[in-house]
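> Mind looking at a prediction? Sequence and model below.
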Amino acid sequence: MKKLRVLLLVLEELLPPPGAEELDWEETYPYQMELDVQTTLRALGHEVETVGVGTDLEVIRERQRAFRPDIAFNVITDFHDITSYESHVVSYLELLKLPYTGCNPRGIMLGNDKALCKQILMWHGVRCPSFTSFHPGKRKPRLPAGVDYPVIVKSAIEHGSTGISQASVVKTDKQLEKRVAYMFDRVGGEVIAEQFVAGRELTVSIVGNGSRLTVLPVWEVWYSKLPKNKHAICTEQVKWDIEYAQSIGIKTGPARRLSAPKQKECQAIAKKAYQALGLSGYARMDLRMDADGDVYVIEANVNPDLTEIEDFSEAAQAQGMGYDGLLQLVLETGMKYRAPWKAGPNKKYQ
């Protein structure tokens, strides 16, 4: 593929400073993904201009006019600190008729809405945990018929395990009422309570558009030192507190002792979910497998973390694709995506 002019879009507060490549990891940790992507794209020979986006999207149009990029490499996953605005940034890129990496606006909206996402997947025959949702103002949340305890209570719209702790798994009406109230107060917005699937936490990462998909090996998260009275779930503390995560022995890697047929089944389920939601670019599908071997789709993570040492990149490496190869594939996938303005009337979308 020819060398490209790439406009790397990052949140303003995560803009790597000049000379960041020479700093220690402890200093670059907050913006490590942005730095990894910037450094690697340049090493691939692409001309990269990195733009920090703050409270106004106008800066994107200004740099588009001055730099004339071939594509925007977008790693912005919220705007104005609001996760649901992630899709609006990409919608703006489409209005500018600027090719971009990552998921399309509609796919982001569907993937980020955990309740709507599950409804769509279940309609397509993809197994998901049974669930219900609650909106602020509901005084006494109760489980409907078909949803049984234990359930896990979490935000329907936020990422990064926001608000999830061991107390999120509840077993009684009283615990449910208390946890839902906590989520309304702490996070806000719609809350879901889904059947808790005790078992293994698996992920399948995918790159591609439409039917042309690269499905990466099944990955697993487990905890070698987790106390027996704790649930094996990725809580907010596990996600963001490195010392705590290490203290309970967090491990990630190729799924352990998973037969070849079960590997293929997990990949097929993830692929079906990806296509049912109309995702594009790249995404990570989060699964859980119970003691009987039944696999459930928990949620879709569009535009997941591309840091070199994170699960998505490591799964690619396990398939023989280096980090530079993964970013090149993400770029090529973005260039090939047929947005509505590219397709035109009566032409194939995607």
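Cool, got the structure. Computed from a prediction, not measured in an experiment: that's the story for all the values here.
> From now on I want contacts and neighbour counts done on CA atoms only, so please keep to that.
Fine.
> And the pLDDT at K342?
The confidence metric pLDDT takes the value 74 at K342.
> and if you look at G188?
With respect to pLDDT, G188 has a value of 89.
> Look up the closest residue to it, ignoring the ones flanking it.
By the measure of CA to CA, 6 or more residues apart in numbering, the closest residue to G188 outside its immediate chain neighbours is P136, 7.5 Å from it.
> show me what contacts Y31?
Y31 sits next to L14, L15, P16 when contact means CA atoms under 8 Å, 6 or more residues apart in numbering.
> Helices along the protein, start to end?
Secondary structure of the chain (DSSP state H): helices located at 25-28, 32-43, 58-67, 86-95, 105-112, 114-123, 173-186, 236-240, 242-247, 260-276, 311-318, 323-336, 340-343.
> Let me have the ones you listed in JSON lines, adding mean neighbour count as columns.
Formatted as JSON lines, these follow (neighbours: other CA atoms under 10 Å):
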{"stretch": "helix 25-28", "mean neighbour count": "12"}
{"stretch": "helix 32-43", "mean neighbour count": "19"}
{"stretch": "helix 58-67", "mean neighbour count": "14"}
{"stretch": "helix 86-95", "mean neighbour count": "18"}
{"stretch": "helix 105-112", "mean neighbour count": "22"}
{"stretch": "helix 114-123", "mean neighbour count": "18"}
{"stretch": "helix 173-186", "mean neighbour count": "18"}
{"stretch": "helix 236-240", "mean neighbour count": "16"}
{"stretch": "helix 242-247", "mean neighbour count": "14"}
{"stretch": "helix 260-276", "mean neighbour count": "18"}
{"stretch": "helix 311-318", "mean neighbour count": "22"}
{"stretch": "helix 323-336", "mean neighbour count": "20"}
{"stretch": "helix 340-343", "mean neighbour count": "14"}
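> Find the centremost residue of this protein, please.
The residue at the geometric middle of the chain, judged as the C-alpha nearest the mean C-alpha position with CA atoms, centre = their mean, is N301 (2.5 Å).
> May I ask you to confirm that it is in contact with D286?
Yes. When contacts are counted by CA atoms under 8 Å, N301 is listed as touching D286 (7.3 Å).
> Can you check what pLDDT the model gives E26?
With respect to pLDDT, E26 has a value of 87.
> just the one 3 residues further on next, same as before
In the prediction, the pLDDT value recorded for Y29 is 91.
> Look at it and say how many residues are nearby.
A total of 12 residues lie near Y29 under the criterion other CA atoms under 10 Å.
> Same question for A300.
Applying the criterion other CA under 10 Å, we find 29 residues in the vicinity of A300.
> for D81, same thing?
Burial of D81 is recorded as 12 neighbouring residues (other CA under 10 Å).
> State the distance from it to E299.
21 Å (CA to CA, to the nearest Å).
> swap in S259?
To E299, S259 is 23 Å away according to CA to CA.
> what does G249 give?
In terms of CA to CA, G249 sits 24 Å off from E299.
> With neighbour numbers in mind, choose between those two.
For the pair G249 and E299, the greater number of neighbours falls to E299 (22 against 14), based on other CA under 10 Å.
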